[in-house]
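Novice: Return a 3D structure for these sequence lines:
(2 chains)
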Amino acid sequence: MPALPLSMVWVVPALPLFGFVLNGTLALTRPGAKRAVSIVGVGTLMLAFAAAALAVIEFGAQHAAAPLVFHYWDWLPSAALQVPFALQLDQLSAVMILIVTGVGALIHVFSVGYMHDDPGYARYFAYLNLFVFFMLTLVLGASFPVMFVGWEGVGLCSYLLIGFWFNEKINTDAGKKAFIVNRIGDFGFLVAMFLIFWRVGSLDFATVFAKAPAVFPPAGALITAITLFLFLGCTGKSAQIPLYTWLPDAMQGPTPVSALIHAATMVTAGVYLVARCGVLFALSPIGSATVAGVGALTALFAATIALKQWDIKRVLAYSTVSQLGYMFVGVGTGAYAAGIFHLATHAFFKALLFLGSGSVIHAMHRAYHATHSHEDAQDMRNMGGLARSMPWTAPLMWIATLAIAGIPPFAGFFSKDEILGAAFAEAAVRPAWYAFWAMGIAAALLTAFYMTRLMLYTFHGPNRTGEREREHLHEAPWIMTGPLVALGVLTVIGGALNVPPLLGGGAYLEHWLEPVTAAAGQLSPLVEAPPATEWALVVGAVLVAGLGIAGAFRILRPESLLHARLAPPESGLGRILWKKWYADELYDAVIVRPVMWVSREILWKVVDVRIVDGLLVNGTAVFTRALGWIGSQLQTGEVGAYVVLFVTGVLAVLFSALR
Amino acid sequence: MLLAPALGVSAVLFTLGVAGVLLRRNAIVIFMCVELMLNAVNLTFVALAQQLGVGGQIFVFFVMAVAAAEAAVGLAILLAIYRHRQTLNLQNINLLKG
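Specialist: Okay, the predicted model is just below:
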């Protein structure tokens, strides 16, 4: 087979776009054509994955040391600002497009089963395809503006899909919250872009990263500002402190959406951005320390909240926030390969967990639907003992749980361990990393605990669903369990991507990413720990994970759990965790309410009502009316008076003409 | 030449017409005063035509035609007003008041 030119890489994002157009048309004209929608929606994704795989294989065969940039057309040709629409294929974007299209295709297949009875089926697939298109644009873009198009586009799709069931206000509110919080982050991204253009005069990745070490003095104020603004964008998109609050609410969307957008792909865009801009972050010690510090803090903070959530999807949402924190610790430390590795393995096991929870919710929902009950199908207190009726979902989710907890030989063990190892090694140079590492270890303990808690309450112990509902609990159809199995296999073997030399592996991913990370590595070299320390860290991390799991088995009593309706309210520390540290209430009091107050009391009641409506609109009317009143006083209605005026006027004209 | 006396008579007639329009109340009288002004102008035209050419005399015919049309329309309006209000006193007709 003759190799296709790599400049054809535009096909990869174009296929989902094509699917969006077709499905969008179907959604508007024939929303009932579910068969056609499934074929288009899933088919384009499968083809996109095949195209991505071909491109990556061809790219790998070329052993390119520099990124391949394909210039398609001049997008913004404007004096000094020249932005071509160009895509860039390099080792990093190759990994990303494989994850996006691969996991995306599996989740599309799952959606065929999960969304089957939904009236908005065609609309759902149209949005999902559009999302994949924007995500691929994000990771393939060769400049900041092209990436920003994808960045905004995935935000839009996220908003559309969170509020997918828009006839309930809570869903649309969650969508708006996600969009608005993301806008705050996007502002940071934009400012960073302006600053870069102001100093470098270009926004192409290649130019910026080549010139950056010469233009920006290391540890200077400007580069620190740029990296911090970029990271503000990341905190929005990747749900880190302080902008993480939208992600748990985003669980209002359909579960496959949570898996694809809010776990596996979109939320990792921030990690991708930091890895992409590694050169900039390497130039700014404060910037990279902020990334790692915020990541570590978020990892621990979100893990504590996950301990006391009852909604199965919320536990996973906080777990996602926490795992994203790990990735930021990795990329903030300069261990870009470790961060991207965790991104990949997390995409596998978290997609598996979310799809598994989707399968559980699907079963619960159908059981309640069959008996016309209105119980909460997502509350773990209403579940229990589901392993008996779900023989596929339960073991697959256990695999993912062991992976996220960091038990060897599952994927999460290798990636998480590598991040913590890199952080510990970095601490020898920069002591702040001891704190980050300690927070990471603590978060790992909590992760193992709350994931085991989720599994115990959902799948084990007595069933609390209800007497009549119990017989209606069934495993999901094969179209849903199939993707679960595929993700399960990836979760088991995904770690092989990057087995460190310490454990006898070849660190394949690390070598693959070397051309991308080398520039940043030269500016701020990664610290290596001695093998003895590394062994100690590995053993320690596994012990911590085992402790978390064993602790959960010892402490938690699924037998004594009460149904959600009967459960007493939490008290003490548990209540604070259940209330998410009151973060939403705090934001509400500090930001939302003052903004609302200013909007209502000043902008509306003073600026709008008094100034705009009163002074400008009604004021103009009053002024014209007054002028008209003065004019109308001349109109006496008496012809005689008019004639007098007329004659006087004529005489005046005559006299002035004669003179 | 009778130019000067003719212009003088015309001026007197015109002034009388204007004064009538200004001072009288009855619409018919005002109407007649307007006719007086028109005819004063006609007299001026005819008088000046002696020296300035036949244009003035031709213009007089136009004025007469307009005056005839005005008489027809104006009297019809006055008749209609009278039917409505039983008066032709202009002080009582002030519907145009602003």
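
Novice: buried set for stretch A:60-69?
Specialist: A:67-69 (16 or more other Cβ atoms under 10 Å in any protein chain shown). C-beta coordinates here come from the backbone N, C-alpha and C atoms, glycine included.

Novice: what is the rounded mean pLDDT of the host helix or strand of A:Val643?
Specialist: For A:Val643, the host element (DSSP states H and E) is helix A:639-658. Across helix A:639-658, the average pLDDT comes to 89.

Novice: Packing partners of it?
Specialist: helix B:3-23 (3 or more Cβ pairs under 8 Å, 6 or more residues apart in numbering or on different chains; DSSP states H and E).

Novice: Give me the sheet partners of the longest strand along chain A and which way each runs.
Specialist: Criterion DSSP state E: the longest strand present in chain A is strand A:68-78. When pairing is defined by DSSP bridges, strand A:68-78 lines up against strand A:81-89 (antiparallel).

Novice: Who are the packing partners of the following helix or strand past the partner strand?
Specialist: Later in the chain than strand A:81-89, the nearest helix or strand by DSSP H and E is helix A:91-114. With contacts taken as 3+ Cβ pairs under 8 Å, 6+ apart, helix A:91-114 sits against helix A:34-62, helix A:121-140, helix A:255-259, helix A:269-276, helix A:336-370, helix A:478-493, helix A:508-523.

Novice: If I look at the closest residue in space to A:Met390 that isn't next to it in sequence, what pLDDT would I see?
Specialist: By the measure of Cβ to Cβ, 6 or more residues apart in numbering or on different chains, the closest residue to A:Met390 outside its immediate chain neighbours is A:Glu475, 4.9 Å from it. A:Glu475 is assigned 90 on the pLDDT scale.

Novice: same check, this time on A:Leu4
Specialist: Reported pLDDT for A:Leu4: 68.

Novice: Could you list the alpha-carbon positions for the longest strand of chain A in PDB?
Specialist: Provided in PDB are the C-alpha atoms of strand A:68-78 (Å, rounded to 0.1, in the frame of the first residue of the first chain):
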ATOM      1  CA  LEU A  68       5.600  18.400  11.100                       C
ATOM      2  CA  VAL A  69       3.600  21.500  10.400                       C
ATOM      3  CA  PHE A  70       1.000  21.500   7.600                       C
ATOM      4  CA  HIS A  71      -0.100  24.900   6.400                       C
ATOM      5  CA  TYR A  72      -3.500  24.800   4.800                       C
ATOM      6  CA  TRP A  73      -4.600  28.400   4.400                       C
ATOM      7  CA  ASP A  74      -4.000  32.000   5.700                       C
ATOM      8  CA  TRP A  75      -6.500  32.400   8.400                       C
ATOM      9  CA  LEU A  76      -5.700  35.800  10.000                       C
ATOM     10  CA  PRO A  77      -3.300  37.700   7.600                       C
ATOM     11  CA  SER A  78      -3.200  41.100   9.300                       C
END
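
Novice: Buried residues in it, which are they?
Specialist: Within strand A:68-78, the residues that count as buried by 16+ other Cβ under 10 Å are A:68-70.

Novice: now that strand: mean pLDDT?
Specialist: 90.

Novice: which residues of the chain score low on pLDDT?
Specialist: Here I'm looking at chain A. For chain A, the stretches with pLDDT under 70 are A:1-4.

Novice: that's the wrong chain, I meant chain B
Specialist: Using pLDDT under 70, chain B drops low at B:1, B:96, B:98.

Novice: Show me what from it comes close to chain A.
Specialist: With Cβ under 8 Å from any Cβ of the partner chain as the criterion, chain B meets chain A at residues B:18, B:21-22, B:25, B:30, B:90-91, B:93-98.

Novice: wait, is the residue nearest to A:Met390 part of a strand?
Specialist: No - counting by DSSP: H, G, I helix; E, B strand; the rest coil, A:Glu475 is not found in a strand; it is coil.

Novice: That one: how many residues sit nearby?
Specialist: When neighbours are defined as other Cβ atoms under 10 Å in any protein chain shown, A:Glu475 has 17 of them.

Novice: Kindly provide the distance from it to chain B.
Specialist: Separation of A:Glu475 from chain B (Cβ to the nearest Cβ, to the nearest Å) stands at 87 Å.

Novice: wait, isn't that residue in contact with A:Ala387?
Specialist: No - the pair A:Glu475 / A:Ala387 is not scored as a contact, 10.7 Å apart, by Cβ atoms under 8 Å.

Novice: Now do the same contact list for the closest residue to A:Leu561 other than its chain neighbours.
Specialist: For A:Leu561, ignoring the flanking residues on the chain, the nearest one in space by Cβ to Cβ, 6+ apart is A:Arg381 at 5.8 Å. Going by Cβ atoms under 8 Å, 6 or more residues apart in numbering or on different chains, A:Arg381 touches A:310, A:457, A:464, A:561-564, A:567.

Novice: From those residues, list the buried ones, please.
Specialist: A:310, A:457, A:464, A:561, A:564.

Novice: So which of the residues you listed belong to helices?
Specialist: Using DSSP state H, the subset of these located in helices is A:Tyr457.

Novice: ok, now how distant is A:Ala532 from chain B?
Specialist: Counting by Cβ to the nearest Cβ, the gap from A:Ala532 to chain B is 104 Å.

Novice: The helix holding A:Val643: which residues count as buried?
Specialist: A:639-640, A:643.

Novice: Next, name the residue at the spatial heart of chain A.
Specialist: The residue lying closest to the centre of chain A (Cα atoms, centre = their mean) is A:Val267, at 2.3 Å.

Novice: Verify the contact between it and A:Ala239 for me.
Specialist: Yes - with contact defined as Cβ under 8 Å, A:Val267 and A:Ala239 form a contacting pair (5.7 Å).

Novice: How far off centre is the longest helix seen in chain B?
Specialist: Counting by DSSP H, the longest helix found in chain B is helix B:55-85. Distance of helix B:55-85 from the chain centroid (Cα atoms, centre = their mean, to the nearest Å) equals 9 Å.

Novice: That one packs against which elements?
Specialist: Counting by 3+ Cβ pairs under 8 Å, 6+ apart, helix B:55-85 packs on helix B:27-52.

Novice: Measure how the helix it packs on sits relative to helix A:639-658, angle-wise.
Specialist: 20 degrees (axes from the mean of the first three to the mean of the last three Cα atoms, to 10 degrees).

Novice: tell me how far helix B:27-52 is from the chain's mean position?
Specialist: Offset of helix B:27-52 from its chain centre (Cα atoms, centre = their mean): 7 Å.

Novice: mind listing the helices for the stretch 501-650 of chain A?
Specialist: Secondary structure of the stretch 501-650 of chain A by DSSP state H, counting those that start in this stretch: the helices cover A:508-523, A:531-555, A:572-578, A:583-587, A:593-597, A:619-632, A:639-658.

Novice: A:Met390 in helix, strand or coil?
Specialist: Of the three states, A:Met390 takes coil according to three-state DSSP.

Novice: Could you count how many residues lie near it?
Specialist: For A:Met390, using other Cβ under 10 Å, the count is 23.

Novice: can I assume it is in contact with A:Ser359?
Specialist: Yes - A:Met390 lies in contact with A:Ser359 (Cβ under 8 Å); the separation is 7.0 Å.

Novice: one step back: next up, the contacts around the nearest residue in space to the residue nearest to the centre of chain A that is not next to it in sequence.
Specialist: Spatial nearest neighbour of A:Val267, chain neighbours left out: A:Ser238 (5.1 Å); criterion: Cβ to Cβ, 6+ apart. When contacts are counted by Cβ under 8 Å, 6+ apart, A:Ser238 touches A:267-271, A:324, A:327-328.
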